[in-house]
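Peer 1: Build me a structure from this.
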Amino acid sequence: MELLGRLAGSGLGGPTALSLEDAALALVLAFVLGQLAAWTYVYTHTGLSYSRTFVQSIVLLTLIIALGMMVIGTSLVIAFGLIGALAVIRFRNILKDTRDTAFVFWALVTGMASGTQKYGLAITGTVLLCGIVLYLHWTSFGSRHSSDGFVRFRVREGEGGLGALHAVLKRHCRSSQLMSQRFHQTGATEMAYRLTMRDPLRAENLVAELQRMEGVSNVTFVLHEEQTEV
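Peer 2: Numbering: from 1, shown residues only. Okay, the predicted model is just below:
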């Protein structure tokens, strides 16, 4: 206890003097940079795990951590006290996307830099991270799918019919690969192809031409945007 008292009263343990103007500047900067990180997350997000509350948490975490760093200053006693207070909170929300974890750490580090008045580092880091995230998004870095989507339909067995079907696929697609083939007692065959379209925006033309073919029915086409890799 005596050791803790000496640390609390020493220059090492005492909080640094911070004017209200400096504190306001740090919080405003944390808010702006948190907003920038949040908007980058919204713009580049893909998949099914989007959460509006998580986006708001990115902004709030940046501000809270900045404020926490200003409260701690250089005081070890306050730091241990804050850690003890945070230990009471139990986070039961499990992040479904590992990419979300990176944005949480981004918000934490940005808040720490802003709260300790390392403004240049906070701004440089945020701008650099935004550029990297946008690069990863625009280049689809890490994506393994090499097709635009897949088409599924039923067709009656027949060499002539299949030949005309393949001609239609070749006209609209750079490549097509048979994924599955299911045979029904009625004599029809349900087929699914993975496609690389010549123009993904004209997929409806392929669907319309398949529907007009004799013996082809139940045509469905799914773009990869609807089943994005996560």
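
Peer 1: and residue 179, what element?
Peer 2: According to DSSP states H and E, residue 179 maps onto strand 173-183.

Peer 1: Following the chain onward from that strand, which element is next?
Peer 2: Counting by DSSP H and E, what follows strand 173-183 is strand 188-197.

Peer 1: partner strands of that following strand, parallel or antiparallel?
Peer 2: strand 149-156 (antiparallel), strand 173-183 (antiparallel) (DSSP bridges).

Peer 1: Quick one: the helices in the protein, in order.
Peer 2: 2-9, 20-44, 52-72, 76-88, 98-115, 119-138, 159-172, 203-212 (DSSP state H).

Peer 1: Reformat those helices as TSV; add distance to residue 186, mean pLDDT and mean neighbour count.
Peer 2: The C-beta positions use only the backbone N, C-alpha and C, and glycine is treated the same way. Formatted as TSV, the helices of the chain follow (distance: least, Cβ to Cβ, whole Å; pLDDT from 0 to 100; neighbours: other Cβ atoms under 10 Å):
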stretch	distance to residue 186	mean pLDDT	mean neighbour count
helix 2-9	83	41	11
helix 20-44	46	88	17
helix 52-72	47	83	19
helix 76-88	64	62	12
helix 98-115	46	82	20
helix 119-138	46	87	15
helix 159-172	15	74	13
helix 203-212	19	82	14
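
Peer 1: Redo those helices as JSON lines? Include distance to residue 195.
Peer 2: Below are the helices of the chain laid out as JSON lines (distance: least, Cβ to Cβ, whole Å):
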{"stretch": "helix 2-9", "distance to residue 195": "68"}
{"stretch": "helix 20-44", "distance to residue 195": "26"}
{"stretch": "helix 52-72", "distance to residue 195": "34"}
{"stretch": "helix 76-88", "distance to residue 195": "51"}
{"stretch": "helix 98-115", "distance to residue 195": "28"}
{"stretch": "helix 119-138", "distance to residue 195": "23"}
{"stretch": "helix 159-172", "distance to residue 195": "7"}
{"stretch": "helix 203-212", "distance to residue 195": "8"}
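
Peer 1: Residue 149: which of those is closest?
Peer 2: helix 203-212 (7.1 Å; Cβ to Cβ).

Peer 1: Can you name every helix or strand that the closest one contacts?
Peer 2: Counting contacts by 3 or more Cβ pairs under 8 Å, 6 or more residues apart in numbering; DSSP states H and E, helix 203-212 packs against strand 149-156, helix 159-172, strand 216-223.

Peer 1: Compare the ones you listed and give me the one nearest residue 22.
Peer 2: strand 216-223 (51.2 Å).

Peer 1: what are the pairing partners of that closest one, and which direction each?
Peer 2: strand 149-156 (antiparallel).

Peer 1: quick one: contacts of the partner strand?
Peer 2: 161-162, 165, 179, 184, 187-195, 197, 200, 203, 206-207, 210, 215-224, 226 (Cβ atoms under 8 Å, 6 or more residues apart in numbering).

Peer 1: what separates the residue nearest to residue 56 when sequence neighbours are not counted from residue 206, distance-wise?
Peer 2: Leaving aside its sequence neighbours, residue 56 sits nearest to residue 38 (Cβ to Cβ, 6 or more residues apart in numbering; 7.6 Å). Distance, residue 38 to residue 206, by Cβ to Cβ, to the nearest Å: 38 Å.

Peer 1: domain assignment for this structure?
Peer 2: 2-138, 149-227 (automatic domain parsing).

Peer 1: re the thing from before, out of the helices and strands packed on helix 203-212, the one nearest residue 58 is which?
Peer 2: strand 216-223 (29.0 Å).
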